[in-house]
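1. got a predicted model here, sequence first, then my questions.
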Amino acid sequence: MQSSNAQPARSRHLVTTRQGVAEVTAHRQPARAGILMVNLGTPDAPTAKALRPYLKQFLGDPRVVEVPRPIWWLILNGVILPFRAPKSAKAYAEVWTNEGSPLLFNNRRLAEKLATELEPDLPDVSLELAMSYGQPSIQAALERMKANNVQRLLVLPMYPQYSATTTASVFDQVTTWMQGQRFFPELRFINDFYRESSWQEAIADSVRRHQAEHGKPDKLLFSFHGIPKRNLQAGDPYYCQCQFSARKIAERLNLGEDDWQVSFQSRLGRAEWLKPYTDHTLEALGHAGVKKLQVICPGFSIDCLETLEEIAMEGKEEFVEAGGEDLQYIPCLNESDDHVAVLKQLCLRHGQGWPEFEGRCSEPEDHVRTRLEQADKAAVTLNLE
Ligand SMILES: C=CC1=C(C)c2cc3[nH]c(cc4nc(cc5[nH]c(cc1n2)c(C)c5CCC(=O)O)C(CCC(=O)O)=C4C)c(C)c3C=C
Ligand SMILES: [Fe+2]
Ligand SMILES: [Fe+2]
């Protein structure tokens, strides 16, 4: 009979070894490169019940809200969640479709199109879509890539402009996952892509196409998601990148200084956020006699609650109430061919030098082979295979 403590010690040892062998066995597949496309995330349903865990994860991220933790947890759980969850659920219900949340299904379509576009030239590059908050999670996507023997990883946050509140939180989650890995992939991270002329041109072209059908407006408003003003003062480059983006797009459209302006939407809480605020701007433009307004949101890659509800529905109402006649919302690039082309070019450039991105097949490297041999030896010694 075995002593009661010998058994757990032995099985613990075997379990760890088996996992090690399983991990190393993944390396028997050819090495791959992976693109991890990440967007913000969305609740599972337009209900207060589904909003609560989503908002808790999102607003509990110290990159998103920088208020010291014990105080913030009290405010979040005691004030924000009970009031915000039902209010946001109503707003989500306005844009929810049979296919679910627009952010997720529109981004899925884009990811599928980009993967299809990459596949013929780059069969050893796989693409996964993940969300910072909610599902599909970044961790699950990284686990799938690991099982797929992804040894080179390109992270593509779907934010044209960098902000610590969005882009850096993707980096945090990826590197936190890596901290738990014995072997992690070589990593490249795309911080932003607002300077890409192809991106600027794709947005400008979407405005031209809209205007070819609906005519020119009295004014074109560039509305970006806001962040607290103190983040800008602390060094977040987001505000400057938004201003630069809008100016470059306006230049491509040959707009005069009075033909366009920038504003910031979606603020939350009582602190001052980036100004001018979009809702105040819509009101002011209506009062100032602007009748026909076109709004574009070049900080969003994919249409979502903040564009479809806050701008195209709520914003339109605010503008019309203030005396405006027509607010036309110009959609995000979403799954358009132009967007796919911009992202393909971006990924190819950032993947330069990696064999899978250059259509070269990669041989297992020496250290991987050594690991395989060691694992085989361990498996034989321990009678695992
Ligand atoms: C402190 C709060 C928030 C900061 C900072 C913030 C920055 C930020 N967000 C986006 C993009 C999106 N935000 C979306 C929704 C959303 N944003 C906040 C709060 C902050 N965002 C909340 C609470 C919500 C949820 C909805 C609500 O309750 O109002 C979305 C849409 C998600 C969807 O499901 O459709 C996007 C996209 C950026 C780009 C940004 C900073 C640059
Ligand atoms: Fe947001
Ligand atoms: Fe909003």
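-> The structure has been received and is ready for your questions. Numbers count the residues shown, from 1 in each chain. Ligands and ions are numbered 1, 2, ... in the order given.

2. which residues are contacting stretch 72-89?
-> With Cβ atoms under 8 Å, 6 or more residues apart in numbering as the test, stretch 72-89 has contacts from 43, 46-48, 50-52, 55-56, 59-60, 65, 67, 305. Yep, even glycine has a C-beta here, placed from its N, CA and C like the rest.

3. is that stretch anywhere near ligand 3?
-> No - applying Cβ under 5 Å from the ion, one finds stretch 72-89 out of contact with ligand 3, separated by at least 7.9 Å.

4. so does that stretch get close to ligand 1?
-> Yes - using Cβ under 6 Å from any ligand atom, stretch 72-89 reaches ligand 1 at 84, 88.

5. highest neighbour count among the contacts of stretch 72-89?
-> Neighbour count (other Cβ atoms under 10 Å) singles out residue 43 as the most crowded of the contacts of stretch 72-89, with 28 neighbours.

6. so that residue makes contact with residue 56?
-> No - counting by Cβ atoms under 8 Å, residue 43 does not reach residue 56; the two are 10.9 Å apart.

7. helix or strand for residue 174, which one?
-> helix 167-179 (DSSP states H and E).

8. next: residue 220.
-> strand 219-225.

9. and that strand, what does it pack against?
-> If you count contacts as 3 or more Cβ pairs under 8 Å, 6 or more residues apart in numbering; DSSP states H and E, strand 219-225 packs onto helix 238-252, strand 260-265, helix 278-287, strand 292-296.

10. so who does the residue in the stretch 1-150 of the chain positioned nearest to ligand 3 touch?
-> Distance from ligand 3 to each residue of the stretch 1-150 of the chain (Cβ to the ion) is smallest for residue 91, at 6.7 Å. Contacts for residue 91 (Cβ under 8 Å, 6+ apart) come out as 305, 309, 310.

11. and it, what helix or strand is that in?
-> helix 81-95.

12. check the offset of that helix from the chain's centre.
-> Helix 81-95 sits 21 Å away from the centroid of its parent chain (Cα atoms, centre = their mean, to the nearest Å).

13. CA atoms only for it, dumped as CSV, please.
-> The C-alpha coordinates for helix 81-95 follow below in CSV (Å, rounded to 0.1, in the frame of the first residue of the first chain):
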residue,chain,number,x,y,z
LEU,A,81,-22.3,50.0,-11.9
PRO,A,82,-25.8,50.3,-10.4
PHE,A,83,-26.6,53.4,-12.4
ARG,A,84,-24.6,53.0,-15.6
ALA,A,85,-25.4,49.3,-16.3
PRO,A,86,-29.2,49.8,-16.9
LYS,A,87,-28.6,53.2,-18.7
SER,A,88,-25.9,51.7,-21.0
ALA,A,89,-28.1,48.6,-21.6
LYS,A,90,-30.8,50.8,-23.1
ALA,A,91,-28.4,52.5,-25.4
TYR,A,92,-26.9,49.1,-26.5
ALA,A,93,-30.5,47.9,-27.2
GLU,A,94,-30.8,50.7,-29.8
VAL,A,95,-28.0,49.3,-31.9
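
14. buried residues of that helix, list them for me.
-> Across helix 81-95, burial judged by 16 or more other Cβ atoms under 10 Å covers 81, 84, 85, 88, 89, 91, 92, 95.

15. for this protein, what spans make up the helices?
-> 6-25, 48-59, 69-75, 81-95, 102-118, 138-147, 167-179, 197-214, 229-233, 238-252, 278-287, 316-321, 337-350, 366-381 (DSSP state H).

16. could you save those as CSV and add columns showing mean pLDDT?
-> As requested, the helices of the chain are exported to CSV (pLDDT from 0 to 100):
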stretch, mean pLDDT
helix 6-25, 43
helix 48-59, 98
helix 69-75, 93
helix 81-95, 97
helix 102-118, 98
helix 138-147, 97
helix 167-179, 98
helix 197-214, 98
helix 229-233, 98
helix 238-252, 98
helix 278-287, 98
helix 316-321, 98
helix 337-350, 98
helix 366-381, 66
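
17. Serialize the ones you listed to TSV and add fields for distance to residue 296.
-> Listed next are those as TSV, based on distance: least, Cβ to Cβ, whole Å:
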stretch	distance to residue 296
helix 6-25	46
helix 48-59	25
helix 69-75	33
helix 81-95	18
helix 102-118	16
helix 138-147	29
helix 167-179	21
helix 197-214	6
helix 229-233	22
helix 238-252	8
helix 278-287	12
helix 316-321	14
helix 337-350	14
helix 366-381	47
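
18. contacting residues for the closest residue to residue 92 other than its chain neighbours?
-> Using Cβ to Cβ, 6 or more residues apart in numbering and skipping residues adjacent in sequence, the residue nearest residue 92 is residue 46, 3.7 Å away. Listed by Cβ under 8 Å, 6+ apart, the contact partners of residue 46 are 89, 90, 92, 93, 96, 101.

19. coming back round to it: gap between the residue of the stretch 1-150 of the chain closest to ligand 3 and residue 283?
-> Applying Cβ to Cβ, to the nearest Å, the value for residue 91 to residue 283 is 19 Å.

20. what does residue 123 give?
-> Using Cβ to Cβ, residue 123 is found at 53 Å from residue 283.

21. of these two, which one has the most company?
-> When neighbours are counted by other Cβ under 10 Å, residue 123 and residue 283 differ, and residue 283 comes out ahead with 17 against 13.

22. ok, residue 177 touching residue 140?
-> No - counting by Cβ under 8 Å, residue 177 sits too far from residue 140 to count as a contact (10.0 Å).

23. so between those two, which is more surrounded?
-> Set residue 177 next to residue 140 and count neighbours by other Cβ under 10 Å: residue 177 wins out with 18 against 13.

24. nearest spatial neighbour of that one, chain-adjacent residues omitted?
-> Per Cβ to Cβ, 6+ apart, closest to residue 177 is residue 142, 5.0 Å.

25. what about that neighbour, distance to residue 134?
-> 16 Å.
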